[in-house]
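Q: Let me see the structure of the following:
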Amino acid sequence: MDLHFGDSKPTDDERAAVDALLGPPESSWEGADRSDADLRWARGGREARDRRDLLLPGLHAINDRIGWISEGALDYLCRRLTVPPAEAYGVATFYAMFSVRPRPATVLHVCTDLACAAAGASELCAGIEARLGPGSGVSVERGPCLGLCERAPAALAVRAGDPVRTAVSAPTTVHDAVLAASTPDAAPEEPPAVAAVPQAGDPSLTLLRRVGVVDPSSLDDYRAHGGYTALRRAFELGPAGVIREVTDSGLVGRGGAAFPTGRKWQATASQPDHPHYLVCNADESEPGTFKDRVIMEGDPYALVEAMTIAAYATGAHQGYLYLRGEYPRALRRLEHAIAQARARGLLGDDILGQGYAFDIEIRRGAGAYICGEETALFNSIEGYRGEPRSKPPFPVEKGLFGKPTVENNVETLVNVLPILTMGAPAYAAIGTGKSTGPKLFCVSGSVERPGIYELPFGATLGELLEPAGVRDGLRAVLLGGAAGGFVRADELDIPLTFEGTREAGTTLGSGVVMAFDDTVPLPRLLLRIAEFFRDESCGQCVPCRVGTVRQEEALHRIAERKGAAAADDIALLREVGRAMRDASICGLGQTAWNAVESAIDRLGAYE
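A: Numbering: from 1, shown residues only. Got it, this is the predicted structure:
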């Protein structure tokens with residue numbers, strides 16, 4: 001294997017950042033500052049290669065400490081892990097939050113996606129750049145959704161150092177964003193998670209009932225409000241009994257695919273190959289989605305308990321929580337919750353004295369929408385580029401590290417708690433026959449009270465938007481986010497179920513509901529969606545890699561031309577869209593045309 005190491009050396013800070021994660025190097029093979037005598041034979045190569053999955057945490061360690069990843073730092077990390085530098089460079093350049101070029105220690109990420117764009121993100125960015133000016137020591141980066149859509153427009157300041165410091169400003173102004181970037185420690189504190197739950201205090205809530213009621217840092221408070229009742233019930237039922245309850249409840253995945261959760265768990269549990277793994281997908285990067293963030297910030301122990309139950313049912317003893325890198329507060333809350341659960345015997349070698357061992361490790365994403373796809377997420381954890389894998393084999397057979405793996409998102413997992421506490425029949429009685437249970441909806445855009453709303457499946461779009469306070473002049477509603485579809489203002493009677501939205505020619509997706517009034521320029525919105533998919537395509541397959549670029553180019557031309565010329569480009573868009581939908585390897589390319597198509601056909605966007 002030709003590693004192609006260069007002559008660049010890491011700085012003391014870069015070396016310290018890597019060594020803090022991996023421990024000191026043991027030989028010159030790993031970059032130790034010793035004589036070359038021990039270079040005559042290799043030692044520890046196999047063990048180092050087995051730690052390839054620490055590549056992403058290693059890149060985070062360097063980026064957090066320095067602010068960017070130099071050639072010397074990358075080479076040193078590669079020596080420690082025996083990873084070819086060319087491969088590590090491909091991984092480092094895959095993620096938007098990393099930089100392999102020098103940049104200031106402070107980076108201000110300003111969201112320019114759909115909700116923030118409608119709230120004036122372009123003018124905000126221009127004002128910030130004008131205020132800071134050149135030589136300010138702050139790099140302003142316009143980027144995709146930060147998951148703060150209920151508080152648009154939003155900005156995230158990250159200042160490298162030991163420790164790294166972050167500040168979220170949302171809703172932000174030019175003054176507040178510049179303050180967050182210049183003095184992160186002095187920035188105003190974020191509002192509590194309950195501020196994103198307009199229904200807070202409603203006794204009918206199921207999934208959100210503890211948000212704003214319990215102290216998210218207190219395990220005792222969580223247990224005083226019913227915490228860990230579901231896990232005790234799981235131990236009474238046994239693994240097969242838990243899977244039977246989840247199956248009978250009718251629970252399906254809440255990430256958009258709507259696959260039956262019980263079937264997925266049963267398929268994983270029955271695999272003879274071991275070990276089994278559990279992965280929680282907390283990388284919600286769909287523009288307009290922020291429900292998982294609110295749960296993790298407001299009720300983190302619920303997720304820890306739910307992951308423990310899922311692992312117990314499927315025979316897993318190691319769990320990975322893949323958390324998007326733009327959620328610093330959720331990271332702090334979950335790190336604390338996991339440490340407390342471990343200290344109190346609720347994670348570890350003997351949970352609740354039942355002889356069952358399970359633990360959770362957090363892995364941070366670094367800004368890649370595609371890593372929300374389960375197999376791309378596995379590749380990311382393993383230390384490779386976050387590119388989707390071809391299926392079959394499916395994850396329940398060969399998933400993370402080539403072993404049987406069950407993967408669910410945060411909302412899906414926390415639904416398991418009420419299933420076990422109230423029983424499958426009572427849970428299945430909520431909602432409709434084919435879409436059971438409560439559902440979380442992320443409402444943002446042109447509404448007076450944006451936030452997370454919990455309603456039973458079967459409520460109509462109008463019943464959801466009424467308490468949110470739709471503004472006058474409603475023109476369209478985007479369901480499912482950038483990968484979803486638009487509906488007209490006169491279609492608010494659509495039932496919010498998987499089957500109901502499908503029959504209406506749209507999709508429920510992960511629960512994104514973005515309202516847009518007649519002040520929002522629709523062509524500019526569609527162009528932003530096209531830009532998003534172009535940027536987020538991993539480039540692995542031709543239909544998506546080329547198609548997303550052609551889609552954006554056509555929309556640019558349509559914005560400038562009318563009549564027959566525009567009609568030709570619309571015809572081209574349809575042809576490109578069909579090719580992406582039919583031939584792309586994963587859901588990103590398959591859905592990249594959906595919103596644009598629905599805007600043309602349903603809203604007459606370019607008439």
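
Q: hey, let's count contacts and neighbours off CA atoms from now on
A: Fine.

Q: Could you count how many residues lie near residue 136?
A: 12 (other Cα atoms under 10 Å).

Q: and what of residue 271?
A: Using other Cα under 10 Å, residue 271 is surrounded by 18 other residues.

Q: On the three-state scheme, it is what?
A: coil (DSSP: H, G, I helix; E, B strand; the rest coil).

Q: was I right about it contacting residue 398?
A: No. Applying Cα atoms under 8 Å, one finds residue 271 not in contact with residue 398, separated by 9.7 Å.

Q: show me where the stretch 51-200 of the chain has helices.
A: 55-66, 71-81, 85-92, 114-118, 121-132, 174-182 (DSSP state H, counting those that start in this stretch).

Q: Compare those helices and report which one is nearest to residue 304.
A: Between residue 304 and those, the shortest gap by Cα to Cα is with helix 55-66, which sits at 21.1 Å.

Q: could you check the angle helix 71-81 makes with that closest one?
A: 140 degrees (axes from the mean of the first three to the mean of the last three Cα atoms, to 10 degrees).

Q: Contacts for helix 55-66, please.
A: 13-14, 17-18, 21, 68-69, 73-74, 77, 81, 88, 92, 98-99, 105, 159-164, 363-364, 366, 380-383 (Cα atoms under 8 Å, 6 or more residues apart in numbering).

Q: one step back: who touches both of residue 271 and residue 398?
A: Between them, residue 271 and residue 398 share the contacting residues residue 404, judged by Cα under 8 Å, 6+ apart.

Q: which residues in the chain form strands?
A: Secondary structure of the chain by DSSP state E: the strands cover 106-111, 138-143, 155-159, 165-169, 276-282, 316-323, 359-364, 405-409, 438-445, 451-456, 474-479, 485-488, 512-517.

Q: Any stretches of the stretch 451-600 of the chain with poor pLDDT?
A: 562-565 (pLDDT under 70).

Q: Could you pull out the helices in it for me?
A: 461-468, 498-503, 522-536, 542-560, 564-583, 587-591, 594-603.

Q: Could you say which of these is packed most deeply?
A: helix 587-591 (a mean of 22; mean count of other Cα atoms under 10 Å).

Q: Contacts for that one next, please.
A: Contacts of helix 587-591 (Cα under 8 Å, 6+ apart): 370, 373, 483-484, 533, 537, 543-544, 548, 580-584.

Q: which one of the residues you listed is nearest residue 126?
A: residue 533 (23.3 Å).

Q: Pull the contacting residues for the closest one.
A: Contacts of residue 533 by Cα under 8 Å, 6+ apart are 548, 588, 592.

Q: Kindly indicate which of those lies nearest residue 477.
A: residue 592 (17.5 Å).

Q: so how many other residues sit close to the closest one?
A: 27.

Q: what do you get for residue 195?
A: Residue 195: 19 neighbours (other Cα under 10 Å).

Q: again, but for residue 192
A: 13.

Q: State the distance from it to residue 73.
A: 38 Å (Cα to Cα, to the nearest Å).

Q: Kindly report the same for residue 271.
A: Counting by Cα to Cα, the gap from residue 271 to residue 73 is 41 Å.

Q: Tell me where the protein is predicted with low confidence.
A: In the chain (pLDDT under 70), the answer is 1-5, 28-29, 33-49, 562-565.

Q: any chance of the strands of the chain in TSV, with mean neighbour count and distance to residue 236 too?
A: TSV is the format used below for the strands of the chain (neighbours: other Cα atoms under 10 Å; distance: least, Cα to Cα, whole Å):
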stretch	mean neighbour count	distance to residue 236
strand 106-111	25	47
strand 138-143	19	48
strand 155-159	28	45
strand 165-169	24	43
strand 276-282	26	21
strand 316-323	22	18
strand 359-364	19	20
strand 405-409	27	22
strand 438-445	25	25
strand 451-456	23	28
strand 474-479	23	40
strand 485-488	22	44
strand 512-517	25	37
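
Q: just to revisit the earlier point, now, of the contacts of helix 55-66, which are buried?
A: Burial by neighbour count, judged by 16 or more other Cα atoms under 10 Å, picks out 14, 17-18, 68-69, 73-74, 77, 81, 88, 92, 98-99, 105, 159-161, 164, 363-364, 366, 380-383 from these.

Q: rewinding a little: got TSV for the strands of the chain, with distance to residue 212 too?
A: Formatted as TSV, the strands of the chain follow (distance: least, Cα to Cα, whole Å):
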stretch	distance to residue 212
strand 106-111	27
strand 138-143	30
strand 155-159	24
strand 165-169	20
strand 276-282	21
strand 316-323	22
strand 359-364	24
strand 405-409	22
strand 438-445	16
strand 451-456	13
strand 474-479	27
strand 485-488	33
strand 512-517	22
